[in-house]
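A.B. asks: Sequence and predicted model, in that order:
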Amino acid sequence: MDVDYSKNLDETGKPMSNFLHSLFVLSTVQSVSPGNRAILDAGMKAVSLDSGVPLINGLKELAYYSGGDEHGIVKPSGDFKVGDQVWLIPGHCDPTVNMHNWLVGVRDDIVECVWPLSGRGPGV
């Protein structure tokens, strides 16, 4: 369940799915310009942007912008401090998963499993 899928509506304008988001990319705040922006360590090499930018879990008032391959920009900066961690909801889950070597299963803030993504990448 990614941002793009969650935008699908039925003929009455209601969400077509009752699924909750379950795929996230954990990112860390690298720098903050108070009142302006925060820079994350998750850019286009961490989250696919082909179906739109990720959402910041639990912080709908903040928007993610592409900062290039290695970084994302959050505007406004919110109450972030350097080192804070942010859970990003990918705009498109399939190509986002394909960029990573591991999928980490977390429940109640505890890592339950780590799965290698052995079928990812070209020529596999």
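C.D. replies: All right, it came through fine. Residues are numbered from 1 along each chain as shown.
A.B. asks: now do the same end-to-end measure for stretch 86-99.
C.D. replies: 18 Å (CA to CA, to the nearest Å).
A.B. asks: low-scoring stretches of this protein, by residue?
C.D. replies: Applying pLDDT under 70 to the chain picks out residues 121-124.
A.B. asks: Around Ser66, how many other residues sit close by?
C.D. replies: 13 (other CB atoms under 10 Å). C-betas here are computed from N, CA, C, even on glycine.
A.B. asks: Quick check: bridge partners of it?
C.D. replies: Gly72 (DSSP bridges).
A.B. asks: you'd agree it is up against Val53?
C.D. replies: Yes. Contact criterion CB atoms under 8 Å: Ser66 and Val53 qualify, at 6.9 Å.
A.B. asks: Output the contacting helices and strands for the longest strand seen in the chain.
C.D. replies: In the chain, with assignment by DSSP state E, the single longest strand is strand 25-33. Under the contact criterion of 3 or more CB pairs under 8 Å, 6 or more residues apart in numbering; DSSP states H and E, strand 25-33 touches strand 37-40, strand 85-89.
A.B. asks: could you dump that strand to CSV, C-alpha only?
C.D. replies: What follows is strand 25-33, C-alpha atoms only, in CSV (Å, rounded to 0.1, in the frame of the first residue of the first chain):
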residue,chain,number,x,y,z
VAL,A,25,11.6,3.9,4.2
LEU,A,26,13.4,5.0,7.4
SER,A,27,15.3,8.3,6.9
THR,A,28,17.4,10.5,9.1
VAL,A,29,17.4,14.3,9.3
GLN,A,30,20.8,15.5,8.2
SER,A,31,20.4,19.3,8.6
VAL,A,32,17.7,21.8,9.5
SER,A,33,17.1,25.4,8.5
